[in-house]
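Colleague: output the structure for:
(2 chains)
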Amino acid sequence: DAEITQSPRHKITETGRQVTLACHQTWNHNNMFWYRQDLGHGLRLIHYSYGVQDTNKGEVSDGYSVSRSNTEDLPLTLESAASSQTSVYFCASSDQAATSGNTIYFGEGSWLTVV
Amino acid sequence: GQNIDQPTEMTATEGAIVQINCTYQTSGFNGLFWYQQHAGEAPTFLSYNVLDGLEEKGRFSSFLSRSKGYSYLLLKELQMKDSASYLCAVRAWGNYQLIWGAGTKLIIKP
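Modeller: Numbers count the residues shown, from 1 in each chain, chains lettered A, B, ... in the order given. The predicted structure is shown next:
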């Protein structure tokens, strides 16, 4: 079955370290997204991509970067981890077929703690 | 501006019916989604409405009124496993992104 997987699922890192969260989808979806979810804020968009070599900033992109070198992967990098980036991160993808409503499907999440 | 409002928390009884409301304001409208999210898990897709009316899917139904900027999710024959957060999200025209509500935490009591 096609799916979207994230790794690592849980990570503890130190302030100032670079961290990369991996996201891999086998649906061949063009659209991929990274969200963070914190109590009281709901889902907030960090970065998104509509295809290979396309990346865009979301509402909370400061301190994060992404790259899209193929259809399947959109890794999220925290350049210099800060305690404010302790959160749960969700990768998601959707197709571009209007008939499906471009439904977004989520990975299982990556819990990141910055100490 | 763009905004989505839904109640923070609701409580209902096992076997009963509950309606979770969502109101939205967006610059153009191109579909409304409901997702279910159990604690510690990822959101999962429940329903999609783009035209006015009721969409029924088993115990769950979703209603949309575009003129009122209003939707509701109706859950029937509530089960303990329905205890979760329910997220309302809207897509604006020409956009693949979604605007997300903060979610409604539904607590089911025996």
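Colleague: going by C-alpha atoms from here, please, whenever you check contacts or count neighbours.
Modeller: Noted.
Colleague: quick check, stretch B:16-35 touching chain A?
Modeller: Yes. Under the criterion of Cα under 8 Å from any Cα of the partner chain, chain A is reached by stretch B:16-35 at B:G31.
Colleague: what comes up buried for that stretch?
Modeller: Neighbour counts over stretch B:16-35 (16 or more other Cα atoms under 10 Å in any protein chain shown) mark B:18-26, B:29-35 as buried.
Colleague: element containing the closest residue to A:C91 other than its chain neighbours, please.
Modeller: The shortest distance from A:C91 to any non-neighbouring residue, by Cα to Cα, 6 or more residues apart in numbering or on different chains, is to A:W34 (4.6 Å). According to DSSP states H and E, A:W34 maps onto strand A:31-38.
Colleague: put the alpha carbons of that strand into CSV.
Modeller: Written as CSV, here are the backbone C-alpha positions of strand A:31-38 (Å, rounded to 0.1, in the frame of the first residue of the first chain):
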residue,chain,number,x,y,z
ASN,A,31,2.3,18.3,-3.2
MET,A,32,4.1,17.9,0.1
PHE,A,33,3.8,19.8,3.3
TRP,A,34,5.5,20.2,6.7
TYR,A,35,3.4,21.2,9.7
ARG,A,36,4.1,21.7,13.4
GLN,A,37,1.5,21.2,16.0
ASP,A,38,1.6,22.8,19.4
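Colleague: residue in chain A with the shortest distance to chain B?
Modeller: Shortest chain A-to-chain B distance, computed as Cα to the nearest Cα: residue-wise this is A:G42, at 4.3 Å.
Colleague: gap between that residue and A:Y64?
Modeller: 18 Å (Cα to Cα, to the nearest Å).
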